[in-house]
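Chemist: Quick one, structure for this:
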Amino acid sequence: MIKAIIFDCFGVLVAEGWLSFKEQYFANDPEAFVRASELNQQADAGLLSRQAFIEQVADLAKVDSGQVVAALTSNAPNEPLLDYIKQLKPNYSIGLLSNASANRLDTLFTPEQLKLFDAAVLSVESGLIKPHPAAYEKIAADLGVEIDEAIFVDDQERHCTGAREAGMLAVQYQNFQQLKAELNALLN
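Modeler: This next block holds a predicted model:
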């Protein structure tokens, strides 16, 4: 029986600025694309400060650091999804699991929206990066559920695969209507 639903932050709960920036500036340069991805992973794990990440990415992209900051902070909340989570909340524990280079939850969400989450695990604080199984195990434990009692929602297939390999159900987020239909089918 499903007792918890866990959501990724960037690309699901809020718009994802980093992936579109990376695609725009590094898609035609495989080495730079890999380097940008490595820098992002280091920042997500707390091994590289946010400022150092911004400066190194700006140098790599040959742009002003302000452009990197603008991309990283263009994260509008997914209001339809947050409204749907309000409907789910009375019956399910709600979690947030994100690879994040900083804890910006209080700038991304209103205090009311933050109250929707019973637990949040951010890589920068936990040192656990998706798709490592320990990241999924940690959020399940923090929610007080067994790993097979949770559904994980992420926009990246590799993170969904990681959740499945850890023992969770997973839904790859493409858009709100698709997610709602797939979640409702799993929950009913």
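
Chemist: Correct me if wrong: K22 contacts E38.
Modeler: No: in this structure, K22 is not within contact of E38 by C-beta atoms under 8 Å, at 11.5 Å. All C-beta atoms are positioned from the backbone trio N, CA, C, and that covers glycine.

Chemist: Now the residue nearest to I6 when sequence neighbours are not counted. Its backbone dihedrals?
Modeler: Using C-beta to C-beta, 6 or more residues apart in numbering and skipping residues adjacent in sequence, the residue nearest I6 is G95, 3.8 Å away. When quoted as degrees, to the nearest 10, the phi and psi of G95 stand at phi -120, psi 160.

Chemist: Look at K22 and E38 and report which has more neighbours.
Modeler: Between K22 and E38, counted using other C-beta atoms under 10 Å, the more crowded position is K22 (20 against 12).

Chemist: Now the element after the helix or strand harbouring that one, going C-ward?
Modeler: K22 belongs to helix 17-26 when assigned by DSSP states H and E. Next helix or strand after helix 17-26 toward the C-terminus (DSSP H and E): helix 30-44.

Chemist: May I see the buried residues of that next one?
Modeler: A32, F33, A36, L39, N40, Q42, A43, D44 (16 or more other C-beta atoms under 10 Å).
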